[in-house]
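Asks: curious how this folds, go ahead:
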Amino acid sequence: MGCLHWPEGENRAESAGNMAVPKIVGIETEFGVSLRGAADPNPVLASSLLINGYVEQRRVGWDFEDESPGRDARGFAREGAQPPEVETHLVNAVLTNGARYYVDHAHPEYSTPECSDPLQVVLFDKAGERILARSMDAARRLLPAGQEIIVYKNNSDGKGNSYGCHENYLVDRTIPFASLVRTLVPWFVTRQLFTGSGKVGAENGAEKVDFQISQRADFFEEEVGLETTLKRPIVNTRDEPHADPQKYRRLHVIVGDANLCEVATFLKCGTTAIVLAMVEDGFVDKDLSIANPVPSMRAVSHDPTCRATVELNEGGRCTALDLQWEFLRLARKYADETGMEHCGGDEIAKQVLDRWEAVLSGLERDPASLDGQLDWVTKQNLLRAYVDRDDLDWDDPKLSLLDLQYHDVRPEKSLYERLVRAGKVERLLKEDDVIRAMGYPPETTRAYFRGTCLARWADSVVAANWDSLVLDVGSDPLRRIPMMEPVRGSKVHVEQLFAEVSTPRQLVDRLTAS
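Replies: Here you go, the predicted structure:
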């Protein structure tokens, strides 16, 4: 297979000097799936039907050549560690918006394209919800009468099984992984105050609770590790950069909940990008580490009053809110001294900081005031209304069903979408932009190149992945186009190139000559 050189162009990561690398971000969401009315409700079959029904005859497969989920950022793996398997036999598709849509174990999974700011992440994450909804409609036409596939954007099946919503961030390879861990453990333990999706009850042997902040907190059992489904760690060590491995690592974050509220997703990605940039630039000047992170994770989640305290390594105790205020103080100082161009731009970063402060103030004053902004608050208020109206106990099965229905991806059935239609949820996006994002890629990352090639020459794209594209130009050999710089391949970078070529062969010839 012939391999081409990516054309030269400005690389913000190279031009940024000693500053943190651009925070390119993406979200991978595993959706809960149920095949109703079938004698054998096989979730893998259901997931495959969803994807095949949506992409129909335009499916471009995933290129697994660079998949290496067993590589550990620490340079070693714990004895007996079980990294995720690469399931090459299951349905995989690449979409024209630059996203990956595939079967992961027993779930349909949607991975957003690479995004350059947190608002863009919200847009393409929300587009994924619409893609799943449309997939259900498409699958209905393939199923026998009386059968239906239902999809939920949540993190637990209520039977002891949890599935993830993973974030990915571009990080400077030169930063020691231990430095990331030192700051990220307290960060992940405490940020669930605004990232949690809320859940009735507890699981995985956790102490009984009526309602908790996070759907995932009960399932974490280690501080640091490689696994994602067993012995889940707060900080995941998977070292699979999907970019130039000499310059970058991809921080694979597995502790987040799947959010429906746009404000929650915006904060989840925007604040984490800023914290990572601060670590890269050596700006975290205090030891914020927590003495017992795993039990602290549960303690924070199990207290919707936000008053639970955690023990610090340096001595003393504080609330998760106290630690979040300290992170915000550092972030404000960092923004003043360095600027935030590498965190999605100064304007977007200012919105993140202002929203972060407003949310922390709301949590401190009265969490219920954040109804319509944070999922766990919105859900708790909704369920509390049912509890009060029908005189229910919190362990009543009806509440668990309502909890699940909040996450139903079908717009006509979702309790969340009902609140949206009633004007009770704050939106950051216009729905027309969400619908467009189902088919068109971000213009500011390499996803633009990938998506445009798929839109123009789907029959000639043999396979694709995050960092390369394989084209059939009509004669041997197949040609691989590497895309090792996530900020290259943007509209600014390649728009003129696309305007000057009309076939894959012409594209390859231009890249070869460049």
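Asks: I'd like the mean pLDDT over stretch 395-415, please.
Replies: Here stretch 395-415 scores 97 as its mean pLDDT.
Asks: swap in stretch 355-370?
Replies: Averaging pLDDT along stretch 355-370 yields 98.
Asks: what residues are up against Ser361?
Replies: Ser361 makes contact with no residue under the criterion Cβ atoms under 8 Å, 6 or more residues apart in numbering. For every residue, glycine as well, the C-beta is placed using N, CA and C.
Asks: surely it is within a helix?
Replies: Yes - assessed by DSSP: H, G, I helix; E, B strand; the rest coil, Ser361 belongs to a helix.
Asks: I'd like the distance between it and Asp336.
Replies: Applying Cβ to Cβ, to the nearest Å, the value for Ser361 to Asp336 is 20 Å.
Asks: same question, Tyr110
Replies: Tyr110 sits at a distance of 37 Å from Asp336 (criterion: Cβ to Cβ).
Asks: just want the phi and psi numbers for Asn236.
Replies: Main-chain torsions, Asn236, degrees, to the nearest 10: phi -90, psi 140.
Asks: how about the one 4 residues further on?
Replies: Note on Glu240: its backbone torsions stand at phi -140, psi 90 [degrees, to the nearest 10].
Asks: what number of residues lie near it?
Replies: If you count neighbours by other Cβ atoms under 10 Å, Glu240 ends up with 19.
Asks: and the longest strand anywhere in the chain, how far out from the chain's middle?
Replies: Looking across the chain with DSSP state E, the single longest strand is strand 165-172. Computed by Cα atoms, centre = their mean, to the nearest Å, the chain-centroid distance of strand 165-172 equals 8 Å.
Asks: could you pull up the mean pLDDT of it?
Replies: What strand 165-172 shows for mean pLDDT is 97.
Asks: so what does it touch, helix or strand wise?
Replies: Applying 3 or more Cβ pairs under 8 Å, 6 or more residues apart in numbering; DSSP states H and E, one finds that strand 165-172 contacts strand 25-30, strand 248-253, helix 262-280.
Asks: wait, which of those is closest to Lys491?
Replies: strand 25-30 (17.9 Å; Cβ to Cβ).
Asks: same for the host helix or strand of Val508, what does it pack against?
Replies: In the assignment (DSSP states H and E), Val508 maps to helix 504-513. The elements that helix 504-513 packs onto, with contact taken as 3+ Cβ pairs under 8 Å, 6+ apart, are helix 447-457, strand 468-471, strand 479-482, helix 491-499.
Asks: before we move on, back to that, what is the orientation angle of the longest strand of the chain with helix 262-280?
Replies: 30 degrees (axes from the mean of the first three to the mean of the last three Cα atoms, to 10 degrees).
Asks: hang on, Asp172 packs against Ala20?
Replies: Yes - with contact defined as Cβ atoms under 8 Å, Asp172 and Ala20 form a contacting pair (6.4 Å).
Asks: pull up the overlap in contacts between these two.
Replies: Common neighbours of Asp172 and Ala20 (Cβ under 8 Å, 6+ apart) are Glu280.
Asks: which one's more surrounded, those two?
Replies: Ala20 (27 against 20).
Asks: residues contacting that one?
Replies: If a contact means Cβ under 8 Å, 6+ apart, then Ala20 has Asp172, Leu276, Ala277, Met278, Glu280, Asp281, His342, Cys343 as its contacts.
Asks: over to Leu363?
Replies: So Leu363 contacts Leu193, Phe194, Cys306, Leu321, Leu370 (Cβ under 8 Å, 6+ apart).
Asks: any chance of these in CSV, plus distance to Val44?
Replies: Below are the contacts of Leu363 laid out as CSV (distance: Cβ to Cβ, whole Å):
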residue, distance to Val44
Leu193, 36
Phe194, 34
Cys306, 40
Leu321, 42
Leu370, 38
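Asks: which one of those residues is nearest Val501?
Replies: Phe194 (45.5 Å).
Asks: list the contacts for that closest one?
Replies: Each residue near Phe194 by Cβ under 8 Å, 6+ apart is listed here: Ala264, Leu267, Lys268, Trp356, Val359, Leu363, Leu374.
Asks: same list, the residues you listed, but as JSON lines with distance to Leu330 please.
Replies: Shown next, in JSON lines, are the contacts of Phe194 (distance: Cβ to Cβ, whole Å):
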{"residue": "Ala264", "distance to Leu330": "22"}
{"residue": "Leu267", "distance to Leu330": "16"}
{"residue": "Lys268", "distance to Leu330": "18"}
{"residue": "Trp356", "distance to Leu330": "12"}
{"residue": "Val359", "distance to Leu330": "17"}
{"residue": "Leu363", "distance to Leu330": "18"}
{"residue": "Leu374", "distance to Leu330": "22"}
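Asks: and the residues you listed, which two are the farthest apart?
Replies: The widest separation within the contacts of Phe194 (Cβ to Cβ) is 14.7 Å, between Lys268 and Leu363.
Asks: low-confidence stretches in the protein?
Replies: In the prediction, the chain carries residues with pLDDT under 70 at positions 1-18, 56-59, 61, 63-89, 228-229, 514.
Asks: angle of the helix holding Val508 against helix 491-499?
Replies: Interaxial angle of helix 504-513 relative to helix 491-499 (the same axes, to 10 degrees): 120 degrees.
Asks: what angle do helix 504-513 and helix 447-457 make?
Replies: Put simply, helix 504-513 runs at 140 degrees to helix 447-457, going by the same axes, to 10 degrees.
Asks: in helix 504-513, what's buried?
Replies: Neighbour counts over helix 504-513 (16 or more other Cβ atoms under 10 Å) mark Pro504, Arg505, Leu507, Val508, Leu511 as buried.
Asks: one more: stretch 23-36?
Replies: For stretch 23-36, a neighbour-count test (16+ other Cβ under 10 Å) marks Lys23, Ile24, Val25, Gly26, Ile27, Glu28, Thr29, Glu30, Phe31, Gly32, Val33, Leu35 as buried.
Asks: right, and the helices and strands packed on helix 504-513 - which one's nearest Pro245?
Replies: With distances scored as Cβ to Cβ, the stretch of the helices and strands packed on helix 504-513 nearest to Pro245 is strand 479-482 (12.3 Å).
Asks: send the alpha carbons of that closest one over as PDB?
Replies: Presented in PDB, the C-alpha positions along strand 479-482 are these (Å, rounded to 0.1, in the frame of the first residue of the first chain):
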ATOM      1  CA  ARG A 479      -3.000   4.800  -1.100                       C
ATOM      2  CA  ARG A 480      -3.000   5.600   2.600                       C
ATOM      3  CA  ILE A 481      -3.100   9.300   3.600                       C
ATOM      4  CA  PRO A 482      -1.800   9.800   7.100                       C
END
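Asks: and that strand, how far from the chain's centre?
Replies: In terms of Cα atoms, centre = their mean, the centre of strand 479-482 is found 27 Å from the chain centre.
Asks: elements contacting that strand?
Replies: Judged by 3+ Cβ pairs under 8 Å, 6+ apart, strand 479-482 is in contact with strand 2-3, strand 468-471, helix 504-513.
Asks: of all those, which one is nearest Glu129?
Replies: Between Glu129 and the helices and strands packed on strand 479-482, the tightest spacing by Cβ to Cβ is seen for strand 468-471, at 26.5 Å.
Asks: pull up the pairing partners for the closest one, direction included.
Replies: strand 461-465 (antiparallel), strand 479-482 (antiparallel) (DSSP bridges).
Asks: show me what counts as buried in the last one.
Replies: Of the residues in strand 479-482, those with enough neighbours to count as buried (16+ other Cβ under 10 Å) are Arg479, Arg480, Ile481.
Asks: repeat for stretch 391-400
Replies: Buried, per 16+ other Cβ under 10 Å, within stretch 391-400: Leu392, Leu399, Ser400.
Asks: what are the ranges of the helices in the stretch 51-200 of the chain?
Replies: Using DSSP state H, counting those that start in this stretch, the helices of the stretch 51-200 of the chain run over 118-140, 177-195.
Asks: can you redo those as a markdown table with distance to Leu312?
Replies: Shown next, in a markdown table, are the helices of the stretch 51-200 of the chain (distance: least, Cβ to Cβ, whole Å):
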| stretch | distance to Leu312 |
| --- | --- |
| helix 118-140 | 29 |
| helix 177-195 | 8 |
